[in-house]
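Q: Starting from these lines, generate the structure:
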Amino acid sequence: GVELSEESLRLRDRLEAVFRKSGYQPPLLGEVIGSSDANPEETRRVLFWMIREKILVKVSDELVYHREVLEEIKSRIRSGLAPGSKFGVAEFKQLFDLTRKHAIPLLEYLDRERFTRRQGNDRILL
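A: Next up is the predicted model:
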């Protein structure tokens with residue numbers, strides 16, 4: 001795979017810390033690239049390297065989550081609901097203290113992952 005320079009590795013560590021710390025509500029990709037102290041091109045390159053390495057997971061075009069945060073979301077849902085249970089967007093938002101900006105892309109991601117299935121306005125835990 002692609003090797004990262006010493007400087008890029010430091011950037012990776014800083015970016016990873018941002019996504020870990022922001023938890024359920026990470027900043028949009030554009031915001032991360034714009035606010036990084038590294039140049040935008042390098043930041044973009046390192047972010048996409050992190051996605052390829054599965055440190056970060058692309059949930060939508062603009063939203064990326066730390067893999068461990070997504071695992072935590074799944075395990076919190078699993079511990080609270082039995083397979084086949086239904087839950088709505090409002091419950092999901094409340095459980096993780098999310099706005100629609102994060103909740104909807106996350107739910108669509110969980111559907112794509114076959115973790116949940118959409119049924120009308122609800123989700124069914126698979």
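
Q: and residue 102, that one's in a helix?
A: Yes: with DSSP: H, G, I helix; E, B strand; the rest coil as the criterion, residue 102 is located in a helix.

Q: mind checking how far it is from residue 115?
A: 16 Å (CB to CB, to the nearest Å). C-beta coordinates here come from the backbone N, C-alpha and C atoms, glycine included.

Q: higher neighbour count, these two?
A: residue 102 (21 against 17; other CB atoms under 10 Å).

Q: Not counting sequence-adjacent ones, nearest residue to that one?
A: Leaving out its chain neighbours, the residue that sits closest to residue 102 by CB to CB, 6 or more residues apart in numbering is residue 25, at 5.3 Å.

Q: Report how many residues lie close to that neighbour.
A: Neighbour tally, residue 25, other CB under 10 Å: 15.

Q: Please name the residues that touch it.
A: 97, 98, 99, 102 (CB atoms under 8 Å, 6 or more residues apart in numbering).

Q: How much space separates the first one from residue 86?
A: The gap separating residue 97 from residue 86 is 21 Å, by CB to CB.
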